[in-house]
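Asker: next comes the sequence, and after it the predicted model I'd like to discuss.
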Amino acid sequence: MEIQYLKQIVEAALLAAGRPLSLDRLQELFEENARPERKELSAALDELGADYAGRGFEIREVSSGFRVQVRAQYAPWVSRLWEERPGRYSRALMETLALIAYRQPITRGEIEDIRGVSVSTNIIRTLSEREWIRVVGHRDVPGRPSLYATTRGFLDHFNLSSLDDLPTLAEIRDLDVINRELDLAEPGKGTENRGESVQPADAVAPLAEQEHQAPEPQKSAEIIPLSRPDDGAVND
Amino acid sequence: MEIQYLKQIVEAALLAAGRPLSLDRLQELFEENARPERKELSAALDELGADYAGRGFEIREVSSGFRVQVRAQYAPWVSRLWEERPGRYSRALMETLALIAYRQPITRGEIEDIRGVSVSTNIIRTLSEREWIRVVGHRDVPGRPSLYATTRGFLDHFNLSSLDDLPTLAEIRDLDVINRELDLAEPGKGTENRGESVQPADAVAPLAEQEHQAPEPQKSAEIIPLSRPDDGAVND
Amino acid sequence: MSVRDGETAKHPEQVEMPFAVVQGEPMVTLPKDLYIPPDALEVFLDAFEGPLDLLLYLIKRQNLDILDIPVAEITAQYMKYVDMMKDLRLELAAEYLVMAAMLAEIKSRMLLPRIHEDEEDEEDPRAELVRRLQEYERYKQAADDIDALPQLNRDVFQTQGAVPDKHIEQAPPEVSLQEILLAFKDVLRRVDMLTHLHVEREALSVRERMSRILDEVEEDQFVEFTSLFSFDEGRLGVVVTFLAVLELLKESLLELVQAEPFGVIHVKARTTAIVDE
């Protein structure tokens, strides 16, 4: 099929679909004997993306496929089409969502440990109803708490094609730095200095490990050990 | 306002709206002190119409305003977005078809005698519409019931050159062997009271596949609604 | 500096004051210099997502690095807020009190002189708090970052072009031959118990030919018997056709007429009602 023709079918479909379309789904628009290769479709999508430069809309690849969307810069005008502005989500909800996005799979208890406050059932329900999160399993501890993870719908909503596209998580500075600064900041502490000049190795380990893991969202089913045993006393 | 900018806002709004927008409505997208004249908007719409020449979509004025729509020539492809996944035929239909193939010419009453249950008009109509069976005459008894036979199309569809290519009854009795070879799970255990309705393919999809689909809520639009609750039980 | 600057705490027993709060006992002294006018406090506290958030605020407000928390000072400020919550009879979340306890504990540990040798193994008492604050802060920031991403229906909008000539076709279900055979096998299994059905030895080509002959003959018009035969089918084809005609005659579906001995035989579909069953 000629690319010019292909492009027109693809853009017509994307424009009308009202949802992202995967390459597979785009292929299915064609009769089996006239089905374009995936790379032909990709080429067509690339060309369309270039065609739309300077237009009010763009092609964007999100998690569940490609979509044609109105560019963010026209949102102030386009929003006026609807009486109601979309409400803002509470900070509690966004923080919970962020923890699930970056630390998935994660239990509610683990979210509470990090946030230092309880997570309301409403928040979990709202996120589930929006189909941004879902239960992907249960941690094998007493009570078998649900493990939450984000969905494709979450990525689609936030204009992301994968978890790798999430904003980079701030780094945690490790204890060596802390101690150096403590030493500098408190030069005259006398006897207390004794304990800080040599840093016990086992105190460094947990932080170093977290620093290594945290910036990359865990997509595997691997379970991240979250809190050290003595954390529990503080939070429960 | 520069027309280039105006055009982009107008096309963004038309694309996002999902409904036709009148000139008045388009004007309302702008702050009062920056509101374009109707003739400016008309000019922008005209230019957009020209821009879309050679694209898969066009601007069209309908009674309630302007809208962006897929060009008619691409409707056949785009329409496939809403096509439902093929369902499955009921066991009753399959039995009826088998009896017509092996016992033709045969009347509906004779099929009912053998199957021990009535054959719905729907089944006969479905098989006729697919052009797998046809009426070849009428039995000369009261009511002059139609005699059904299979068609050339039936043979073609199943890649048979003649009915003699169908397995013999003895071979059918050994179908368990064939099944093992085909690795085809026999779906027929205790299915006598199965409904005649078309069965959604998803009802038999393995659980794993359904789980895989779960994060994509849009897909549910492709599931054919079950018309009979008892159909589902067969697949477990 | 934090230890020295921290208000009056010089002895361990004085820093145990906040523990009394955790146990629900009344405070001994109330701080007088509040940072926030009490009437603004309720709104103010609503803005916090918990004790870590409040602590972060206190630290940020003084332009302090998390890594360098003057524990005593922050503890004192924190307690003031907690006390204000009590004064205003705000429902004081347990998390705030737990944090107060943690701060007090850190403060006391930092004040205690380390005399035992094995304390070299002890980490900085602030380390755990610092870790938790940093951990919380990064996700607090991440929440803001995610919120700032272009969101569907807030910043970007999925297009919804009309399809004026939409024509949706329902694809017919796929059927495999195996499915038909399995269905037939089920029928056979059922009818095996009713042995009157003798489908066993019939050649299917005869049945197929029966259908074809029925299709060719008309009900009100005779056709020549010989026209049913096609000689290029060979001997086998002729036999099959002949058997089909016999079978159709047996089933009273065909009528065979010969006007005179050795005359032309004609065939037509049966019309007259004959009781034969």
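Answerer: Happy to help now that I have it.

Asker: how close does the residue positioned nearest the centre of chain A get to chain C?
Answerer: The centre of chain A sits closest to A:Ala101, judged by Cα atoms, centre = their mean, with a distance of 4.1 Å. Per Cβ to the nearest Cβ, to the nearest Å, A:Ala101 is found 7 Å from chain C. Bear in mind the C-beta positions are built from the backbone N, C-alpha and C, glycine included.

Asker: A:Ser79 too?
Answerer: 8 Å.

Asker: now swap in A:Gly65 and tell me
Answerer: 12 Å.

Asker: then A:Gln4?
Answerer: 19 Å.

Asker: helix or strand for that residue, which one?
Answerer: helix A:3-17 (DSSP states H and E).

Asker: got a list of contacts for the following helix or strand past that helix?
Answerer: Following helix A:3-17 in sequence order, the next helix or strand is helix A:23-27 (DSSP H and E). With contact meaning Cβ atoms under 8 Å, 6 or more residues apart in numbering or on different chains, helix A:23-27 is reached by A:Val10, A:Ala13, A:Arg35, A:Pro36, A:Arg38, A:Leu41, A:Ser42, A:Gly65, A:Phe66, B:Leu81.

Asker: and the buried ones among the residues you listed, selectable in PyMOL?
Answerer: Selection of buried members from the contacts of helix A:23-27 for PyMOL, criterion 16 or more other Cβ atoms under 10 Å in any protein chain shown:
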select buried, (chain A and resi 10+13+36+41+65+66) or (chain B and resi 81)
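
Asker: need the helices for the stretch 1-150 of chain C, in chain order.
Answerer: According to DSSP state H, counting those that start in this stretch, the stretch 1-150 of chain C carries its helices in the segments C:2-5, C:12-15, C:17-22, C:38-46, C:51-61, C:71-87, C:94-111, C:127-148.

Asker: ignore what I typed, I meant chain A.
Answerer: For chain A, applying DSSP state H gives helices covering A:3-17, A:23-27, A:38-51, A:75-78, A:91-103, A:108-115, A:121-129, A:152-157, A:175-185, A:192-197, A:201-213, A:232-235.

Asker: then the stretch 151-277 of chain C?
Answerer: C:177-191, C:204-216, C:234-250.

Asker: same list (these) but as TSV, adding distance to B:Ile59.
Answerer: Formatted as TSV, the helices of the stretch 151-277 of chain C follow (distance: least, Cβ to Cβ, whole Å):
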stretch	distance to B:Ile59
helix C:177-191	49
helix C:204-216	55
helix C:234-250	65
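
Asker: which among the ones you listed is found nearest to chain A?
Answerer: Closest to chain A of those, according to Cβ to the nearest Cβ: helix C:177-191, at 20.2 Å.

Asker: so how far is the closest one from its chain's centroid?
Answerer: 38 Å (Cα atoms, centre = their mean, to the nearest Å).

Asker: next one: stretch A:128-148
Answerer: Worked out by Cα atoms, centre = their mean, stretch A:128-148 lies 16 Å from the chain centre.

Asker: report whether that stretch contacts chain B.
Answerer: Yes. Using Cβ under 8 Å from any Cβ of the partner chain, stretch A:128-148 reaches chain B at A:Glu131, A:Arg134.

Asker: what mean pLDDT does that stretch get?
Answerer: For stretch A:128-148, mean pLDDT is 95.

Asker: do stretch A:162-182 as well
Answerer: pLDDT averaged over stretch A:162-182 gives 76.

Asker: now do stretch C:112-125
Answerer: pLDDT averaged over stretch C:112-125 gives 63.

Asker: quick one, what contacts residue 59?
Answerer: Let's take chain A. A:Ile59 neighbours (Cβ under 8 Å, 6+ apart): A:Leu14, A:Leu45, A:Leu48, A:Gly49, A:Tyr52, A:Phe66, A:Arg67, A:Val68, A:Gln69.

Asker: wait, chain C
Answerer: Contacts of C:Ile59 by Cβ under 8 Å, 6+ apart are C:Asp65, C:Ile66, C:Ile69, C:Ile74, C:Leu133.

Asker: between the residues you listed, which is closest to B:Tyr89?
Answerer: C:Leu133 (64.1 Å; Cβ to Cβ).

Asker: just checking, that closest one touches C:Leu52?
Answerer: Yes. Counting by Cβ atoms under 8 Å, C:Leu133 does reach C:Leu52; the two are 6.2 Å apart.

Asker: which of the two has more neighbours?
Answerer: Neighbour count, other Cβ atoms under 10 Å in any protein chain shown: between C:Leu133 and C:Leu52, C:Leu52 has more, with 23 against 20.

Asker: can you pull the contacts of that one?
Answerer: A:Arg115, A:Gly116, A:Val117, C:Met99, C:Arg132, C:Leu133, C:Tyr136.

Asker: quick check: the gap between it and B:Phe154.
Answerer: 72 Å (Cβ to Cβ, to the nearest Å).

Asker: which strand residues bridge the closest residue to A:Gly49 other than its chain neighbours?
Answerer: Spatially, and ignoring its direct neighbours in sequence, A:Gly49 is nearest to A:Ile59 (4.5 Å; Cβ to Cβ, 6 or more residues apart in numbering or on different chains). Here A:Ile59 sits in beta bridges with A:Val68, going by DSSP bridges.
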